[in-house]
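>>> Let's see this in three dimensions:
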Amino acid sequence: MPAFASVLAVVAILYFAKEVLLPLAIAVLLTFALAPISSRLRKLGLPRILAVITTVVLAFLGLTLFALVVAGQVAEVAQNLPAYQGNIIGKIRSLQESGTDNGIVRRLTSVIESVGREINNAGQNQATPGSASPSREPMLVEIFAPSRPIETLTSLISPLLGPIASLGLIIVVVIFMLLEREELRDRFIRLVGYGDLHRTTEALQEAGSRVALYLLMQLVVNCAYGIPLALGLWAVGIPNAVLWGMLAIVLRFVPYIGPVIATVLPLFLAFAVDPGWSLVLWVAAIFLVLELTSNNIVEPWLYGSRTGLSPLAIIVAAIFWAWLWGPVGLILSTPLTVCLAVLGRYVPQFEFLEVLFGSEPVLDPKERLYQRLLAGDPDEATDQAEEMLEEDYLEDYYGKVAIPALLLAERDRRRGVLTAGQMEQVYETATTLVSNLEDIAQEEEQEAEEEEKSKATGEIPKAPSEEQNSSEEEELPDGTGKTVICIGGRGPLDDASAAMLAQVLQVQGAEVVTARHSDITNRRSRDLIPKEANAVVVCFLNEDSAKHAGILMRRFKRIYPTSRVGAVLWSDSEDARPLSAQKDADFTASRLTDAAREALSEAPLIPVTTPRKLQIRTRRSATRPPIASADAET
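Numbering: from 1, shown residues only. Sure, this is the predicted structure:
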């Protein structure tokens, strides 16, 4: 509640102090944008004051010239609009007469005709002010007092005082921020992050560079869109083509909504200017070509649209800042949200801002998979896995994502927050995921077979580079002709990990038999597991399973004396604690790659050691004297 109240207080301050904070926000963003230019001028040898004043004067002269051109073009379009009225009515009538009996078209036609009649009547009344009307109505009489020249001048200038004052305030603030940029940076560090200079400095640098890069690259992208648009509209005959190109440059700063508005206005003008439909088609074709070129070539090349924000966050931020500060807030929404996201990344108290607005996934792949396993959603889990498997192999995915997700489930089980039913659901979802990835496993198996054939025929060169040598050292051995048994150790989660290991071994060509931990307890394993198996692997997720693992190792060594028997204690950390105390095990491992390599290895077996209690019983039975019978005593 205190945090929520603080957020409401901040929003209220932003809303009611708009007249003060809006010019300051514009000044801060302009400072971010102009700082690289000022720094470049200073590197060329200009003094600081001269570099700052030159940068600010050139920037605001360009903005003023841009605004004057747009204002002149808008006035010209407003004067020419009545001339396009006939073309609009003619096109609506042609649609109606073409056989399209649509009520919407009829209503639109009647509305436009009524608007036209009202305009004509107003023009006729202004042209004949002295004509007598058939019905005389009462006339309102106003008394006009003669005004003085000073009062007239004041009435003309007063509406302009507010914008002029805001513009002057912005210019002054930008100048002083550029002059005292280093001083402001030090004061901000002392105020916010004096205890952690590294993080605060990194936050300031990232915020400044990201906002400046966004504004600069977005301006370049918009100019690369607006200038060809103006030339194309001028070539096809659209009036005031310069205006539509300049408006496109400005409106494309507004995310998602701006490009739509920049497209609709020229299309409507083409609809009004040309009696036919060819001009509308030409304008639509120009916008289509420019959009495809900008989105697929210009923006990926310049990286101008990468802000570190999610698309939904950009839309929500645009709505919020438009409600808060109007059209100017809509234009400033993306840069301001970028600053908030950077603040949330480096200041722990505002971490929720990075979670809400950032484009990076807030959950690790293993956490996302565990969440889907808990929800019993194998379809989305499969989609996530297939997305990762476009670049990785199954052994990498299982070792880096799936097994760590099962370790998260095991930790929750040890904490008592995961019920038996949830564990069974995680197992079923995980095994469904494994079966859904069977096609990818077969593809990888075929690729492995083709590589082996290529090596055998000599198509692959025998002198690979150092990178190839290192990758070959990590490759798993061929499992063709081998039979491996994968068994879960103590619970359903262990069974799921055994199924994942089994699929990786199948990719290597081995024949794999999987069994659940319940098959061991009810002695069904003798019917499920063949005696001629080359290796038996028992999988554990619980860190405290060393004693139980030792019991199973001795048991399987007695049942399968010719097989390599190993235990795997899964771990997602480098400093894993393997089951090194298992003297009866032929191998122990903590990673999937090591477990698969040991299961397919040809290393010699370790002889079974007799348990200590059994040795004591055997020794006592050998040294104890025979008991005399009753007949002997007599």
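
>>> List phi and psi for the residue lying closest to Ala589 once chain neighbours are set aside.
Excluding its sequence neighbours, the residue lying closest to Ala589 (CB to CB, 6 or more residues apart in numbering) is Ala595, at 4.1 Å. In short, each C-beta sits where N, CA and C put it, glycine included. Dihedral pair for Ala595: phi -60, psi -40, per degrees, to the nearest 10.

>>> same check, this time on Val537
phi -120, psi 130.

>>> just to revisit the earlier point, which residues does the residue nearest to Ala589 contact?
Leu501, Val537, Cys539, Gly566, Val568, Ala589 (CB atoms under 8 Å, 6 or more residues apart in numbering).

>>> what residues are up against the third one?
Listed by CB under 8 Å, 6+ apart, the contact set of Cys539 reads Cys486, Ile487, Gly488, Gly489, Asp494, Ser497, Ala498, Leu501, Val568, Trp570, Ala595.

>>> about what we covered before: go through the contacts of Ala595 and name the one nearest Asp439.
Closest approach to Asp439 among the contacts of Ala595 (CB to CB): Leu501, at 18.8 Å.

>>> after the strand or helix carrying the closest one comes which helix or strand?
Leu501 is part of helix 492-507, with elements assigned from DSSP states H and E. Where DSSP H and E defines the elements, the next helix or strand beyond helix 492-507 is strand 511-515.

>>> All the strands of this protein, in order from the start?
483-488, 511-515, 535-540, 564-569, 587-589 (DSSP state E).

>>> need those strands in a markdown table with distance to Glu450 and mean pLDDT, can you?
Formatted as a markdown table, the strands of the chain follow (distance: least, CB to CB, whole Å; pLDDT from 0 to 100):
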| stretch | distance to Glu450 | mean pLDDT |
| --- | --- | --- |
| strand 483-488 | 23 | 89 |
| strand 511-515 | 20 | 87 |
| strand 535-540 | 26 | 90 |
| strand 564-569 | 28 | 88 |
| strand 587-589 | 28 | 87 |
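
>>> which one of these lies closest to Leu21?
strand 564-569 (58.2 Å).

>>> how distant is that closest one from the center of its chain?
Counting by CA atoms, centre = their mean, to the nearest Å, strand 564-569 is centred 40 Å from the centre of its parent chain.

>>> Contacts for that strand next, please.
489, 497, 501, 534-541, 543, 545-546, 549, 552-553, 556-557, 576-579, 582, 584-590, 595, 598-599, 601, 603, 605.

>>> Quick check on the residues you listed: which are buried?
When these are checked for burial by 16 or more other CB atoms under 10 Å, the buried set is 489, 497, 501, 534-541, 545-546, 549, 552-553, 556-557, 578-579, 582, 584-590, 595, 598-599, 601.

>>> Among the contacts of Cys539, which one lies nearest to Ala430?
Distances from Ala430 to these, taken by CB to CB, are shortest for Ser497, at 8.3 Å.

>>> Got the confidence number for the residue nearest to Ala589?
What the model reports as pLDDT for Ala595 is 88.

>>> And the one 3 residues further on, by the same measure?
The score at Glu598 is 87. That number is its pLDDT.

>>> Could I get the contacting residues of the closest residue to Ser294 other than its chain neighbours?
Once flanking residues are discounted, Ser294 sits nearest to Tyr225: 5.1 Å by CB to CB, 6+ apart. Taking CB under 8 Å, 6+ apart, we find Tyr225 in contact with Ala248, Ile249, Arg252, Leu290, Ser294, Val298.

>>> Sitting in helices, which of these do you find?
Judged by DSSP state H, helices contain the following of those: Ala248, Ile249, Leu290.
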